[in-house]
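Undergrad: show me the folded form of this:
(chains A and B)
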Protein chains: 2
Amino acid sequence: MKTVLILSGGMDSATLAHEPGLGPLLCLSFDYGQRHVRELTAAAAIAAAVGAEHRILRLDGFAAACPGSSLTDPAVAVPHGHYAAETMKATVVSSRNAILLATAFGVAVAHGAEQVATAVHAGDHTIYPDCREPFLVALEEALNLGVWSDRRIAIRAPYLALSKIDIARRGGELGVPFELTWTCYDPQGAVHCGQCGACEERKEAFRDAGLVDPTEYAA
Amino acid sequence: MKTVLILSGGMDSATLAHEPGLGPLLCLSFDYGQRHVRELTAAAAIAAAVGAEHRILRLDGFAAACPGSSLTDPAVAVPHGHYAAETMKATVVSSRNAILLATAFGVAVAHGAEQVATAVHAGDHTIYPDCREPFLVALEEALNLGVWSDRRIAIRAPYLALSKIDIARRGGELGVPFELTWTCYDPQGAVHCGQCGACEERKEAFRDAGLVDPTEYAA
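TA: Sure thing, here's the model as predicted:
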């Protein structure tokens, strides 16, 4: 068993990288022009912490070709407030997970990996349609139709039914070094802003899981 | 109607760019580390010829992460001989069309385009599973599940049942400036090699369509 893991550098994929049973990991991170490119430094640290191979792929020109998302378009502000709110739709990058998973799938074929793993979770479902099960099932089907492979390659999303609080709790059990992770969509210099939806959710996850939050927030 | 067109710079996508009825085109070309990156110059010239917007996106690090294809791995030679031969499987870049189409789909959402168009054709089917109808149908389904959009975005592949000869003939009717296009997988300096499967197929298409081949071949 070998797994290509999409590693953003956040709490969820960091926890997934620590799960036993995935076999040797090839971790992939993506620079798609996100303003929180700081997460890639976190991803590298997490891959190193689990002793996994790590590659960063850059989608150069993508952000400029896709205006309108607050994550990639400097002209659109990152919304503040709770993640579940409608305003957070401004953080959608259309087809992002399709692009990331298709790329990871190609890497999996080239490396003879049996699966691609992603840490999407139940808390993502409201805002991001590309974090939902019907999308993942359909994409797995399509991607397998598109390659030569001796066997079917799976898209594994083991946290699909978990909340971020569940994942934080699981990370606590696994001893994930959460101080290495990066969540914030709207970095204030070297620290988390503490006000964007992603930061709100991070704070909530640590608190409700009963863990010490190791994060420095600007606010 | 607005269309995001995947424009490689070859004969097929150049012909598609000249088809009436697609509406304003946003042409996308991709640098995925292919050794025939010369095709991107051709793509730019073709987009200019039809007066369309053109963007080149780079997938930096992808080729290095996916060893084994003769198109992107300097350690693997481009096979010579006819395209239908089993040896041409060395030219497969796993999940390439999934990555390109998913990216184009995201761009289509951002720009309010109704469709993504690709010039895959019947001659591609033997070697490239990601040029076949079942893959395209399944991917269209998956990509639509993964985005917020007021309406379904279509993946159009109008040449799916055509041979390359049919396309050359159609290009002749449409007055496509084929001298601007680039086909060769194994460029010899500034000219087409004349020996790889792609060149073989190009020569055959011009000959069997009864067109003058404007190409300079090294052999």
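
Undergrad: next, the nearest residue to A:C193 once chain neighbours are set aside: secondary structure please.
TA: In space, A:C193 comes closest to A:D186 once its chain neighbours are excluded; the distance is 4.5 Å by Cβ to Cβ, 6 or more residues apart in numbering or on different chains. C-beta coordinates here come from the backbone N, C-alpha and C atoms, glycine included. Under DSSP: H, G, I helix; E, B strand; the rest coil, A:D186 falls in the coil class.

Undergrad: wait, A:D186 sits on A:R38?
TA: No. Look at A:D186 against A:R38 with Cβ atoms under 8 Å: they stay out of range, at 10.6 Å.

Undergrad: show the pLDDT at the residue nearest the centre of chain A.
TA: Of all residues in chain A, the one closest to the mean position by Cα atoms, centre = their mean is A:S8, 4.2 Å from it. Note on A:S8: pLDDT of 97.

Undergrad: I figured it was touching A:S29, is that so?
TA: Yes. If you go by Cβ under 8 Å, A:S8 and A:S29 touch, sitting 6.7 Å apart.

Undergrad: between these two, what contacts are shared?
TA: Residues touching both A:S8 and A:S29 (Cβ atoms under 8 Å, 6 or more residues apart in numbering or on different chains) are A:39, A:43.

Undergrad: dump the residue contacts of the residue nearest to A:P67 when sequence neighbours are not counted.
TA: Nearest residue to A:P67, sequence neighbours excluded (Cβ to Cβ, 6+ apart): A:D73, at 5.1 Å. Each residue near A:D73 by Cβ under 8 Å, 6+ apart is listed here: A:63, A:66-67.

Undergrad: A:T183: neighbour count?
TA: Using other Cβ atoms under 10 Å in any protein chain shown, the number of residues around A:T183 comes to 25.

Undergrad: that one touches A:E200, doesn't it?
TA: No. Contact between A:T183 and A:E200 fails when scored by Cβ under 8 Å: they sit 9.8 Å apart.

Undergrad: stretch A:16-32 close to chain B?
TA: Yes. Among the residues of stretch A:16-32, A:L28 lie within reach of chain B under Cβ under 8 Å from any Cβ of the partner chain.

Undergrad: then stretch A:112-127?
TA: No. Legend: contact between stretch A:112-127 and chain B by Cβ under 8 Å from any Cβ is lacking; minimum distance shown is 9.2 Å.

Undergrad: so for that stretch, what gets flagged as buried?
TA: By neighbour count with 16 or more other Cβ atoms under 10 Å in any protein chain shown, stretch A:112-127 contains the buried residues A:113-124, A:127.

Undergrad: so what's A:S149 closest to, chain neighbours aside?
TA: Closest to A:S149 by Cβ to Cβ, 6+ apart is A:V109, at 5.7 Å.

Undergrad: so the one you found makes contact with B:V93?
TA: No. Using Cβ under 8 Å, A:V109 makes no contact with B:V93, being 9.7 Å away.

Undergrad: okay, these two: which has more neighbours?
TA: Neighbour tally, A:V109 and B:V93, criterion other Cβ under 10 Å: the higher count belongs to B:V93, 25 against 22.

Undergrad: how about the least confident helix or strand in chain A by mean pLDDT, does it reach chain B?
TA: In chain A, the helix or strand scored least confidently by mean pLDDT, DSSP states H and E is helix A:62-65, which has a mean of 91. Yes. Helix A:62-65 reaches chain B (Cβ under 8 Å from any Cβ) through A:62, A:64-65.
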